[in-house]
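>>> Structure of the sequence below:
(one chain, ligands or ions: 1)
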Amino acid sequence: MPAFRHAHLLDIASLDREDVLHILDTGEAFFGVSRRPVRKVPTLRGKTVINLFYEASTRTRTSFEIAGKRLSADMVNMSVSTSSVKKGESLYDTCKTLEAMHPDVVVIRHASSGAAAYVASKLDCGVINAGDGMHAHPSQALLDAFTIRRHRGTLEGLKVAICGDVAHSRVARSNCRLLRLFGCDVHIAGPRTLVPPHFAEAFDVEVHDSLAPALEGADVVMCLRIQRERLGEALLPSLREYSRVFGVGPKQLAMAKEDAIVMHPGPMNRGVEIDPAVADGPQSVVLDQVEAGVAVRMALLYLLAGEAGAAPEAA
Ligand code: CP
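Alright, predicted model coming up:
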């Protein structure tokens with residue numbers, strides 16, 4: 001297996017098509033490990049990975065932990081809420097303190113855009129961005145691509161509808177970047193207050209202020225969470241009104257291809273951006289995304305912490 005040419009995973013913008021395919025193919029090599037009776041391989045024995053999450057997470061933090069454990073790495077979850085961060089320790093001092101314990105990879109989630117790149121510039125180990133502000137969530141885009149490729153057989157040239165609160169979504173930004181690498185026809189649908197100006201030009205996508213043109217003939221329907229914690233009233237006066245116009249239910253999904261898949265990065269606001277009938281329906285791949293997350297994060301840890309060029313020991 002060729003060596004990965006990056007020391008960190010900070011955003012999709014720093015990857016090209018071959019990098020993405022390298023990560024997805026490595027994820028495929030690890031996918032089966034999680035379905036075995038003994039879900040462990042020795043690939044990262046003796047390596048140390050630190051999860052450093054300054055923001056809440058269920059899927060990302062847990063799947064990085066499980067990914068590392070399945071590769072036999074020593075996983076450390078640093079609980080920011082019970083750490084010296086609460087005594088005012090800076091991000092710089094926290095990271096230099098952790099570096100002195102010789103981790104191989106630090107996985108960081110932080111509310112500030114650019115925090116992961118800052119940490120990578122200060123530390124002498126691999127850094128994975130597990131979500132920084134509204135900027136990027138590259139491992140989510142990679143697991144989404146992994147899921148799409150498994151269900152559609154390809155990433156090339158698909159029509160993808162991304163619906164909802166794009167303004168606050170690092171998931172949308174990373175997905176747009178990745179999908180455009182593969183020539184996908186990406187359509188954004190959301191209220192003007194929740195799609196930043198110039199988003200279409202910046203990400204080379206089409207933007208609509210209604211669902212229909214985005215959903216019509218789509219291969220993939222990606223619903224985004226309304227980020228209530230980041231919303232002001234001026235942006236969205238009524239969730240009920242939002243749901244009526246931008247909620248994806250069976251009637252809206254019928255505009256997409258008959259075999260379109262429905263995705264959501266989670267956590268979902270059921271009955272707001274997605275109807276439970278769609279979230280739990282036969283076209284939903286939401287839980288497949290979660291399963292893919294473990295395989296893709298195993299691939300990322302292996303590529304950043306493993307021996308360059310070594311086989312993944314997973315087949
Ligand atoms: N998709 C995602 O990042 O979920 P969590 O916030 O639960 O990690």
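
>>> show me what contacts the nearest residue in space to V286 that is not next to it in sequence?
Excluding its sequence neighbours, the residue lying closest to V286 (Cβ to Cβ, 6 or more residues apart in numbering) is H264, at 5.1 Å. (Each C-beta comes from the backbone N, C-alpha and C, glycine too.) The contact partners of H264, by Cβ atoms under 8 Å, 6 or more residues apart in numbering, come to 222-225, 273-274, 279, 284, 286, 289.

>>> Kindly report the same for L211.
161, 163, 189, 245-246, 248, 252, 255.

>>> okay, now the domains of the protein?
Following automatic domain parsing, one finds the domains of the chain at 17-137+291-305, 138-285.

>>> Next SSE downstream of whichever helix or strand V20 is part of?
Applying DSSP states H and E as the criterion places V20 in helix 17-31. As assigned by DSSP H and E, the chain's next helix or strand after helix 17-31 is strand 48-53.

>>> what comes into contact with that next one?
Residues from elsewhere that reach strand 48-53 (Cβ under 8 Å, 6+ apart): 60-61, 64-65, 68, 73-78, 80, 94-95, 98, 101-109, 130, 301, 305.

>>> Strands - which of the contacts of H264 land there?
Using DSSP state E, the subset of these located in strands is 222-223.

>>> Please indicate which of the contacts of H264 are buried?
With neighbours counted using 16 or more other Cβ atoms under 10 Å, the contacts of H264 contain these buried positions: 222-225, 273-274, 279, 284, 286, 289.

>>> will you turn those residues into a markdown table that also has pLDDT?
As requested, these are exported to a markdown table (pLDDT from 0 to 100):
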| residue | pLDDT |
| --- | --- |
| M222 | 98 |
| C223 | 98 |
| L224 | 97 |
| R225 | 93 |
| E273 | 96 |
| I274 | 98 |
| A279 | 98 |
| S284 | 98 |
| V286 | 98 |
| Q289 | 98 |
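
>>> ok, back up a step: any idea of the pLDDT on the residue nearest to V286?
Per-residue pLDDT puts H264 at 98.

>>> if I look at it, how far off is the ligand?
Remark: distance between H264 and the ligand (Cβ to the nearest ligand atom, to the nearest Å) = 9 Å.

>>> got the CA coordinates for stretch 270-282 in PDB?
Extracted in PDB, the C-alpha atoms of stretch 270-282 (Å, rounded to 0.1, in the frame of the first residue of the first chain):
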ATOM      1  CA  ARG A 270     -36.900  14.600  14.000                       C
ATOM      2  CA  GLY A 271     -40.000  16.400  12.700                       C
ATOM      3  CA  VAL A 272     -37.900  19.500  11.900                       C
ATOM      4  CA  GLU A 273     -35.500  19.000   9.000                       C
ATOM      5  CA  ILE A 274     -36.400  15.300   8.500                       C
ATOM      6  CA  ASP A 275     -39.700  13.500   9.000                       C
ATOM      7  CA  PRO A 276     -39.400  10.300  11.100                       C
ATOM      8  CA  ALA A 277     -41.000   8.300   8.200                       C
ATOM      9  CA  VAL A 278     -38.000   9.300   6.100                       C
ATOM     10  CA  ALA A 279     -35.400   9.000   8.800                       C
ATOM     11  CA  ASP A 280     -36.500   5.400   9.600                       C
ATOM     12  CA  GLY A 281     -37.600   4.600   6.000                       C
ATOM     13  CA  PRO A 282     -36.200   2.100   3.500                       C
END
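
>>> how far does that stretch sit from the chain's center?
Between the centre of stretch 270-282 and the centre of its chain there are 20 Å (Cα atoms, centre = their mean, to the nearest Å).

>>> so the residue of the stretch 101-250 of the chain found nearest the ligand is in which element?
Relative to the ligand, the nearest point of the stretch 101-250 of the chain is Q140 (5.3 Å; Cβ to the nearest ligand atom). Element membership for Q140, per DSSP H and E: helix 138-152.

>>> And the next helix or strand past that helix?
Next along from helix 138-152, by DSSP H and E: strand 159-163.

>>> Any stretches of the stretch 201-315 of the chain with poor pLDDT?
Within the stretch 201-315 of the chain, the stretches with pLDDT under 70 are 232-235, 237, 308-315.

>>> How about stretch 100-119, which residues are buried there?
103-110, 115-119.

>>> Mind telling me which residue is nearest the centre of this structure?
For the chain, the residue nearest the mean C-alpha position is Q140 (1.1 Å; Cα atoms, centre = their mean).

>>> And the pLDDT for that residue?
For Q140, the predicted pLDDT is 98.

>>> Excluding sequence neighbours, find me the nearest residue to it.
Leaving aside its chain neighbours, Q140 sits nearest to V171 (5.1 Å; criterion: Cβ to Cβ, 6+ apart).

>>> confidence score at that neighbour?
Here, the pLDDT recorded for V171 equals 98.

>>> residues from the stretch 101-250 of the chain in reach of the ligand?
Taking Cβ under 6 Å from any ligand atom as the contact definition, the stretch 101-250 of the chain meets the ligand at 131, 140.
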